[in-house]
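Engineer: Generate a structure from the sequence data that follows.
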Amino acid sequence: MFFSNNHLAIAKQSSSLLLAVALASALGCSQNPYLASSAGGVWNAPGGVSAAVDPTQARLAELNRRVQLLDDNNRQLHTQLAQSEQQSLVYRDELELIRKQLSETSAKLESTSIAASEAENRVRGFQASTQQRGGASIRANTDLLQAASRLNLGGIPVEQNGEVIRIVIPADQLFQPGTNQMLPQASATLDPIAAQLRSLFPRQRIGVEGYTDDSPLYGGQVATSHQLAAGQAAGVLELLTRRAGMPPNQLFTVAQGANNPRQPNTTAAGRAANRRIELVIYPDTY
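Structural biologist: Presented below is the predicted three-dimensional model:
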């Protein structure tokens, strides 16, 4: 088959074009804008292919995350600060309570020390009273227990305590509760006792000891249990001497306060038993 020169030219041009396309495809150098990709990112196709993440947006998101963390930390610190302030108030209240208790304890210790000093002075007085002016010792009354057995005080207990005799009178029969104000009927209780003491123990030294329970005192004329016990003991001594006619130099007072309870102060009956006046009859004479 013979071709014309035009056919040969067209064929050559077609072959050259096909060769160029094949070579471009093999080398990856196609200039087709729909196939090429830019060096800066991925081309967004109309079908919805995701674009590359913008660095500015990523940085902003990271900053937002850090701000959120700082806010969370700030809220936690405020909460901890509020809790610390509350705990500080609790500690301050506890400290004030301890200071108050320490002050009250110091006051009680001072009162106890004063009472101990007074008792020591009285003991020295008792020792001195066992000597007559000429220096001869006075013998203890050997008939003390025998005389005590003749006491008839109705329901008032009489006890032997070593060498002494104790007459235990409930303070509630003599005084208004928590005060040293004597009841009108107190003389009815003390007069028969005083009559028998004058008859059976005309020369014996007799101590008037005041005792209380451990209940706190609010207001009133006294602030401590020792002051209350001292006032009540003094009131009994006053009645025994002025009304019942007992010699003033035969009697003396001791304020024991809440010391030496007879029963636990945990019940009303126990506290009542601890509120008392004890008349203590010594073998020594005056």
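
Engineer: Bridging across strands, which residues link to V254?
Structural biologist: Judged by DSSP bridges, the bridge partners of V254 are E209.

Engineer: from memory it sits against G207, does it?
Structural biologist: Yes: at 5.5 Å, V254 counts as touching G207 under the criterion of C-beta atoms under 8 Å. In short, each C-beta sits where N, CA and C put it, glycine included.

Engineer: List the buried residues for the helix or strand A188 falls within?
Structural biologist: If you go by DSSP states H and E, A188 is part of helix 186-200. Residues 186, 189-190, 193-194, 197, 200 are the ones in helix 186-200 that count as buried (16 or more other C-beta atoms under 10 Å).

Engineer: and that helix, what other elements does it pack with?
Structural biologist: Helices and strands touching helix 186-200, as assessed by 3 or more C-beta pairs under 8 Å, 6 or more residues apart in numbering; DSSP states H and E, comprise strand 164-170, strand 276-285.

Engineer: relative to strand 276-285, how tilted is the first one?
Structural biologist: Here strand 164-170 runs at 160 degrees with respect to strand 276-285, directions being taken by axes from the mean of the first three to the mean of the last three C-alpha atoms, to 10 degrees.

Engineer: would you list every one of the helices in this structure?
Structural biologist: 5-27, 55-129, 144-148, 186-200, 225-238, 268-274 (DSSP state H).

Engineer: nearest to N161, of these?
Structural biologist: helix 144-148 (10.9 Å; C-beta to C-beta).

Engineer: Pull the residues that contact that closest one.
Structural biologist: 141, 158, 160, 163, 165, 200-201, 204, 281, 283 (C-beta atoms under 8 Å, 6 or more residues apart in numbering).

Engineer: In that helix, which residues are buried?
Structural biologist: So helix 144-148, judged by 16+ other C-beta under 10 Å, has buried residues 144, 147-148.

Engineer: Same list (these) but as TSV, adding distance to Q80 and pLDDT.
Structural biologist: TSV is the format used below for the buried residues of helix 144-148 (distance: C-beta to C-beta, whole Å; pLDDT from 0 to 100):
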residue	distance to Q80	pLDDT
L144	75	88
A147	78	90
A148	74	91
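
Engineer: Looking at those residues, which one is closest to R65?
Structural biologist: Among the buried residues of helix 144-148, and counting by C-beta to C-beta, the member closest to R65 is A148, at 95.8 Å.
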